[in-house]
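Asks: okay, sequence plus prediction incoming.
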Amino acid sequence: MANVISDETIEYVGILAKLELSSEEKEAAKKDMGEMLDYIDKLNELDTSSVEPMSHVFPVHNVFREDEVTNGDGHEDALKNAPERKEDTFVVPKTIV
């Protein structure tokens, strides 16, 4: 194990995580953190120079499109059904007196 985690580091991580660890839990956490760092070091040995960086696991395409009016909003057809109309709006009776 090349990465050795100090007691101060475990104490600091415990404070950040708001954990109260027993001495056995601290030793187990030191061992686990060391193993994780060793694994990261092993991954860093891989040659990734030919791998294209990506920001998402799946290919992401622009999902937005231009707004195009194809058949209108039916505004005139809706106003044809109005019992009373004033210019381009419905006229409705006043409900609050």
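Replies: Structure received. Residues are numbered from 1 along each chain as shown.
Asks: the strand or helix carrying Thr9 packs against which elements?
Replies: Using DSSP states H and E, Thr9 falls within helix 7-16. Judged by 3 or more Cβ pairs under 8 Å, 6 or more residues apart in numbering; DSSP states H and E, the packing partners of helix 7-16 are helix 23-44. Every C-beta, even on glycine, is put in place using the N, C-alpha and C of the backbone.
Asks: follow-up on the earlier one: and the angle from the helix holding Thr9 to helix 23-44?
Replies: Note on geometry: by axes from the mean of the first three to the mean of the last three Cα atoms, to 10 degrees, helix 7-16 and helix 23-44 are set 100 degrees apart in direction.
Asks: how far off centre is helix 7-16?
Replies: 28 Å (Cα atoms, centre = their mean, to the nearest Å).
Asks: neighbours of Glu35, just the number please.
Replies: 13 (other Cβ atoms under 10 Å).
Asks: and the next element down the chain from the lowest-mean-pLDDT helix or strand in the chain?
Replies: Using mean pLDDT, DSSP states H and E, helix 75-80 stands out as the lowest-scoring helix or strand of the chain, at a mean of 83. Going down the chain from helix 75-80, the next helix or strand is strand 85-86, by DSSP H and E.
Asks: give me the residues contacting that following strand.
Replies: Residues from elsewhere that reach strand 85-86, judged by Cβ atoms under 8 Å, 6 or more residues apart in numbering: Leu79, Val91.
Asks: how far out from the middle of the chain is it?
Replies: 48 Å.
Asks: report the rounded mean pLDDT for it.
Replies: Averaged across strand 85-86, pLDDT comes to 86.
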